[in-house]
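J.: need a structure here:
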Amino acid sequence: MWFVFAILAALIWGLNYAASGRVLSRGLSPSGLFLMDISFGLLVVGAITIATGKVGRIVDEVRGLGPDLLWLGVAMVSSTAAGVLIFMAIEGKNATVASLIEISYPMFVAVFAWVLFRETQMNVSTLIGAALIISGVVVVWSGNR
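T.: Residues are numbered from 1 along each chain as shown. Below you'll find the predicted structure:
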């Protein structure tokens, strides 16, 4: 099922980038778009959390993180920064080119997983995929400088 979720996420991200490119090219600022994104997300996920009775659990879940509470902060800050930066990239070039460069993030997931947590998530097929991603980023960047 994880593969279906991943493909659906990719499909929805594609729609998001295309729609974002459209509204950014029409004058909406990256910060304005991001603010509306997170506000809408807060409303939807907040309503789901309330409706399912899981509000009280969140505090317990955060408390349960213990020393990993720092990583929650890192995740929140980096998610916000990445969201704003991708909208700035889309505004500065276009959604297609920005997304084709941004798609290199899986390589950085592997690097950070190793550097920060000593987790090895690489095998031959992921190394080949990473090499193809790097090659693709170089091709896209050199053709769109």
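J.: domains of this structure?
T.: The chain resolves into domains spanning 2-95, 103-145 when parsed by automatic domain parsing.
J.: average pLDDT for the last one?
T.: Along domain 103-145, the predicted local confidence has a mean pLDDT of 89.
J.: Adding mean neighbour count as columns, could you present the domains of the chain in CSV?
T.: C-beta: built from backbone N, CA, C; applies to glycine. CSV is the format used below for the domains of the chain (neighbours: other CB atoms under 10 Å):
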stretch, mean neighbour count
domain 2-95, 12
domain 103-145, 12
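J.: Now for A98, how many residues are close by?
T.: 24 (other CB atoms under 10 Å).
J.: Next up, the contacts around it.
T.: By CB atoms under 8 Å, 6 or more residues apart in numbering, the residues touching A98 are Y17, I86, A89, I90, G92.
J.: Secondary structure element holding the nearest residue to the last one once chain neighbours are set aside?
T.: When you say that, I think you mean G92. Taking CB to CB, 6 or more residues apart in numbering as the measure, G92 lies nearest to A98, with 7.7 Å between them; neighbours along the chain are not counted. Assignment of secondary structure by DSSP states H and E places A98 within helix 95-102.
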